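Visitor: here's my sequence, what's the structure:
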Amino acid sequence: MPTAIKKTAKATAKKTPAKKATRSTTTPPPAPAKRSKPPAPAKTSRAVVPAKPAKVTKIKTDDRLVVQSNALIRAAHGLSLPEKRLVALATTKIDSFNLPLPGMSLTAKVTGLEYAKAFKLDRTTAYEQLAESARQLYQRSITFQEPGGQGKKAGAVVRMRWVGQAKYHEGEGWVGLEFWHAVVPHLTGLRAEFTKYRLEQTSALRSVNSWRLLELLQRFATTGWAEYTLNEFCTAMEATAAQRKDYGKIRTQLIEPAVAELTDKTKGGWPSIKVTPIKTNRKVTSIKFKFTPPKG
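Guide: The predicted structure is shown next:
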């Protein structure tokens with residue numbers, strides 16, 4: 001009997017480890033569960049995508065268009081450079097294709113931050129210019145020279161305000177403009193006889209004369225050449241009485257500095273602008289421009 005008991009004990013001892021071995025071989029299955037978690041990297045890669053909205057915002061800013069009637073382009077604007085910046089930036093927020101509803105005024109809001117970004121200025125300078133422009137803009141006038149009728153050398157001179165109201169919100173840093181009712185047809189409802197250009201083209205300009213020449217040329221951007229009578233050019237550029245009498249002063253004081261700034265390659269300038277005075281009986285009566293506008 002003791003021998004039988006020993007055999008049974010040995011058999012039992014052999015069977016017990018076998019069961020433990022079986023359990024140990026069944027424990028590995030958790031490993032595949034860990035491999036099934038790879039979706040986590042996919043979530044991380046999706047979260048990195050927010051770069052696109054920033055690009056879209058930048059494109060919208062660069063694509064802002066200034067749109068004005070050709071009659072307004074030819075007129076004398078009577079604006080300083082900061083005032084010109086404010087008006088131009090405000091017009092980019094207007095629907096130039098559709099007229100406002102009857103009884104509704106044409107308004108636009110410009111913030112100091114927008115002004116600073118559009119014209120590459122520090123915020124302090126931008127807010128100072130914005131406040132001063134809002135104060136002065138109400139006094140500024142547009143001067144049109146109406147075409148003369150039969151037997152008349154020139155038509156009537158028409159003057160109108162830019163805005164009926166301009167208010168600067170101290171402490172909030174923004175300006176609200178309400179355009180003068182007579183100017184509205186020159187800014188909205190435009191389907192023909194208008195000029196448009198990207199506001200970005202003017203961001204680096206430091207002279208209002210350069211800006212005005214840009215507008216006069218941009219009117220004929222599709223042809224690459226423009227011709228203005230000396231009187232038309234002097235009116236648009238707001239030449240002084242002394243300059244009007246002397247083409248040499250018009251050339252050296254108005255045309256050449258403006259052309260130099262517009263073609264400045266460091267400011268992404270125009271590839272070329274050539275100026276040719278046209279004479280009648282030895283006197284300059286017209287100016288012809290041949291140019292290549294910037295792409296875009």
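
Visitor: could you point out which element follows the helix or strand bottoming out on mean pLDDT in the chain?
Guide: Sorting the helices and strands of the chain by mean pLDDT, DSSP states H and E puts helix 51-62 at the bottom, at a mean of 40. Per DSSP states H and E, the first helix or strand lying C-terminal to helix 51-62 is strand 65-69.

Visitor: distance from the chain centre to that following strand, please.
Guide: Distance of strand 65-69 from the chain centroid (Cα atoms, centre = their mean, to the nearest Å) equals 12 Å.

Visitor: same deal with stretch 133-141?
Guide: The answer for stretch 133-141 is 22 Å, by Cα atoms, centre = their mean.

Visitor: state the mean pLDDT of that stretch.
Guide: Mean per-residue pLDDT for stretch 133-141: 95.

Visitor: contacts for it next, please.
Guide: Contacts with stretch 133-141, where a contact means Cβ atoms under 8 Å, 6 or more residues apart in numbering, come from 77-80, 82-83, 85-87, 159-163, 165-168, 175, 177. C-beta coordinates here come from the backbone N, C-alpha and C atoms, glycine included.

Visitor: how about the secondary structure of Leu254?
Guide: helix (DSSP: H, G, I helix; E, B strand; the rest coil).

Visitor: count of residues packed around Ala134?
Guide: 22 (other Cβ atoms under 10 Å).

Visitor: tell me how far Phe179 lies from Ile142.
Guide: According to Cβ to Cβ, to the nearest Å, Phe179 stands 11 Å off from Ile142.

Visitor: anything in contact with each of the two?
Guide: Jointly contacting Phe179 and Ile142 under the rule Cβ under 8 Å, 6+ apart are Trp162.

Visitor: the two: which is more packed in?
Guide: A count of neighbours by other Cβ under 10 Å puts Phe179 above the other of Phe179 and Ile142, at 25 against 20.

Visitor: can you select the buried ones from the contacts of stretch 133-141 in PyMOL?
Guide: Buried residues among these (16 or more other Cβ atoms under 10 Å), as a PyMOL selection:
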select buried, resi 77+78+79+80+82+83+85+86+87+161+162+163+166+168+175+177
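
Visitor: which pLDDT value belongs to the residue nearest to Asp122 when sequence neighbours are not counted?
Guide: Nearest-residue entry for Asp122: Ala116, 6.8 Å, with adjacent residues in sequence omitted and distances by Cβ to Cβ, 6 or more residues apart in numbering. The model reports Ala116 with a pLDDT of 96.

Visitor: quick check, Glu227 in a strand?
Guide: Yes: assessed with three-state DSSP, Glu227 lies in a strand.

Visitor: that one is in contact with Lys290, isn't it?
Guide: No: the pair Glu227 / Lys290 is not scored as a contact, 9.7 Å apart, by Cβ atoms under 8 Å.

Visitor: which parts of the stretch 51-200 of the chain are helices?
Guide: 51-62, 70-74, 81-91, 112-118, 123-137 (DSSP state H, counting those that start in this stretch).

Visitor: residues of stretch 257-265 that come out buried?
Guide: Buried residues in stretch 257-265 (16+ other Cβ under 10 Å): 258-259, 261-263.

Visitor: which other residues reach stretch 110-120?
Guide: The contact list for stretch 110-120, computed with Cβ under 8 Å, 6+ apart, reads 61, 64, 85-86, 89-90, 93, 121-123, 125-127, 129-130, 173-175, 177, 199, 202-204.

Visitor: how about the CA coordinates for stretch 275-286, as PDB?
Guide: Presented in PDB, the C-alpha positions along stretch 275-286 are these (Å, rounded to 0.1, in the frame of the first residue of the first chain):
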ATOM      1  CA  VAL A 275       6.300 108.800 -69.100                       C
ATOM      2  CA  THR A 276       6.100 110.700 -72.400                       C
ATOM      3  CA  PRO A 277       5.000 114.300 -72.600                       C
ATOM      4  CA  ILE A 278       2.900 115.200 -75.600                       C
ATOM      5  CA  LYS A 279       3.300 118.700 -77.000                       C
ATOM      6  CA  THR A 280       1.100 120.900 -79.100                       C
ATOM      7  CA  ASN A 281       2.900 124.000 -80.500                       C
ATOM      8  CA  ARG A 282       5.900 123.400 -78.300                       C
ATOM      9  CA  LYS A 283       3.800 123.300 -75.200                       C
ATOM     10  CA  VAL A 284       3.000 120.100 -73.200                       C
ATOM     11  CA  THR A 285      -0.700 119.500 -73.300                       C
ATOM     12  CA  SER A 286      -1.000 115.800 -72.500                       C
END
